[in-house]
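K.L.:
I'll drop the sequence and a predicted model, then ask my questions.
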Amino acid sequence: MTVDTVLLAVFGDYPRMVLGVALSSGFLLYYLAEAVKRPTLACGSQNWHEFLKSHLTILKERYWPTLWCFESRAQTILASVIRSRIPDISYTREVLQLRDGGQVCLDWLHEDGMALSTPTVIILPGLTGSSQSEYVKSFVLAARGEGTRCVVFNNRGRGGIDLKTPRTYCAANSDDLEEAILHIKTKYPKAHLMATGISLGGMIVGNYLATRGVKAAEHLVAAMVLSIPWNVFVGTESLEKPLCNLLLNRHLASCLCESISRMRHVLEGDSKWDLDYVMQSKTIREFDTRFTAIQFGFKDVEDYYRNASLHDKLDQIKVPLLCLSAADDPFQPIEGIPIAAANKSSHVAIVVTSRGGHIGFMEGLFPSNTYYSDRLYAQYVRSIFNNVDQLKTIRETKV
């Protein structure tokens, strides 16, 4: 007779119940101590810091990540799955012809009868995203709920639009975004404009702000970026760690290769790259080495990553910018987030949650189509467009 048999005969299921309660209690205590926390806000400008704290009430709350799904990779994947329930949005498409012969498409969501002066938000998707990507639709609906006009910027070759020239896009180049912003300001000169970028789209927005400096402030009243790889070297190293991160990496590399395959008839024959070799890329670093860095004239992939990174460019940004990052983002671990630099910055504020993964930020026991990031974004959009005059003082702030 075994010990388990004796215990079961004497005490019944009591020991197992005790063990179950102990494990459940331990898990709950860990969740409450390590996962449920107020976000930190890093910001060097007192005016900008006070503006955010007074208008974004969500920053005073604890972020309660979904109890059964607060691990970073689980948040990243399942948030995408749950958001996929959002129906496709019916946009009005505008094809914007660029100076070099290329084209991008702007997908507009605005109600009939909107005034020409209605505040406008431009949203940039991530690495392989478009206007119908689940996380983009989530932010579009959040912005529309605040009464704004929304437009999604689809990069070259994305969103079902043909690639016209042998050039795609990259995190370090914001020329196409600049043309789009100028076009929007010409179309709606009296409308205040705010830029939003998600993941790679956030890097493009950030590099636009950093390279244009005060000139960007002539067109944008504010900006927000979410889940961006601040330091690309740190982010790339994290994504190459086995097993789960590397699987995410390989999936994205596969998506990039698939997109190149669809554009092959335009990219074929350029002597600068070997498309067959590009198509064999198994990681994002391999793809960037064989294609992206070459296409945009960088010396090598390290040179590209240095130019794309934003962690050392905060002092060049002169537009009020709010950034949302999760400390456990597999695309950018906490050590890559420039918290110290933000605490010295005149215009950049970084909100860091303890959990959230990459574009995850699920919350509540039963996640719906509304997430912590959506609630923060809606409050931010409202506060920006309701207090544009107050932002003038913040734009002129020096630390």
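P.N.:
Done, it's in.

K.L.:
Am I right that Ser80 is in a strand?
P.N.:
No - looking at Ser80 with DSSP: H, G, I helix; E, B strand; the rest coil, it is helix, so not inside a strand.

K.L.:
got a list of what it touches?
P.N.:
Contacts for Ser80 (C-beta atoms under 8 Å, 6 or more residues apart in numbering) come out as Glu134, Tyr135, Ile359. For every residue, glycine as well, the C-beta is placed using N, CA and C.

K.L.:
List phi and psi for Ser325.
P.N.:
Main-chain torsions, Ser325, degrees, to the nearest 10: phi -130, psi 150.

K.L.:
My read is that it contacts Glu335, right?
P.N.:
No - if you go by C-beta atoms under 8 Å, Ser325 and Glu335 don't touch, sitting 11.8 Å apart.

K.L.:
Neighbour count: the two, which is higher?
P.N.:
Neighbours around Ser325 and Glu335, counted as other C-beta atoms under 10 Å, are more numerous at Ser325. The numbers are 29 against 10.

K.L.:
if I pick that one, what's in contact with it?
P.N.:
Applying C-beta under 8 Å, 6+ apart to Ser325 gives the contacts Leu226, Ser227, Ile228, Trp230, Gln332, Ile337, Ile350, Val351, Val352, Thr353.

K.L.:
Provide the secondary structure category for the third one.
P.N.:
It stands for Ile228. coil.

K.L.:
measure the residue lying closest to it once chain neighbours are set aside to Leu124 for me?
P.N.:
Computed as C-beta to C-beta, 6 or more residues apart in numbering, the closest residue to Ile228 that is not its neighbour in sequence is Gly202, at 3.8 Å. Using C-beta to C-beta, to the nearest Å, Gly202 is found at 7 Å from Leu124.

K.L.:
State the mean pLDDT of stretch 147-156.
P.N.:
Stretch 147-156 carries an average pLDDT of 97.

K.L.:
measure it end to end?
P.N.:
End-to-end distance for stretch 147-156: 28 Å, by C-alpha to C-alpha, to the nearest Å.

K.L.:
Equivalent analysis for stretch 206-219, please.
P.N.:
End-to-end span of stretch 206-219 (C-alpha to C-alpha): 14 Å.

K.L.:
try stretch 306-317
P.N.:
Span of stretch 306-317 from end to end, C-alpha to C-alpha: 17 Å.

K.L.:
buried stuff in that stretch?
P.N.:
Using 16 or more other C-beta atoms under 10 Å as the test for burial, stretch 306-317 gives Arg306, Asn307, Ala308, Ser309, Leu310, His311, Lys313, Leu314, Asp315, Gln316, Ile317.

K.L.:
who are the neighbours in contact with the fourth one?
P.N.:
Taking C-beta under 8 Å, 6+ apart, we find Ser309 in contact with Pro229, Trp230, Asn231, Val232, Phe233.

K.L.:
Can you list which of the buried residues of stretch 306-317 are found in helices?
P.N.:
Arg306, Asn307, Ala308 (DSSP state H).

K.L.:
my guess is the second one meets Ala172, correct?
P.N.:
Yes - under the contact definition of C-beta under 8 Å, Asn307 touches Ala172, with a separation of 4.2 Å.

K.L.:
Now list whatever residues contact both of the two.
P.N.:
Common contact partners of Asn307 and Ala172 (C-beta under 8 Å, 6+ apart): Asn207, Phe298.

K.L.:
Sitting in helices, which of the contacts of Ser80 do you find?
P.N.:
Residues of the contacts of Ser80 located in helices (DSSP H): Glu134, Tyr135.

K.L.:
and Gly101, how many residues sit next to it?
P.N.:
Residues near Gly101, counting by other C-beta under 10 Å, number 9.

K.L.:
a helix runs through Trp273, doesn't it?
P.N.:
No - secondary structure of Trp273 (three-state DSSP): coil, not part of a helix.

K.L.:
what's the helix or strand for the residue nearest to Ile228?
P.N.:
helix 200-212 (DSSP states H and E).

K.L.:
burial count for Cys255?
P.N.:
Neighbours of Cys255 under the rule other C-beta under 10 Å: 15.

K.L.:
so the helix or strand hosting Phe153 versus helix 200-212, what angle?
P.N.:
Taking DSSP H and E as the definition, Phe153 sits inside strand 149-154. Orientation check (axes from the mean of the first three to the mean of the last three C-alpha atoms, to 10 degrees): strand 149-154 against helix 200-212 gives 100 degrees.

K.L.:
For the helix or strand just after strand 149-154, the averaged confidence score.
P.N.:
Downstream of strand 149-154, the next assigned helix or strand under DSSP H and E is helix 175-187. Per-residue pLDDT values over helix 175-187 give a mean of 98.
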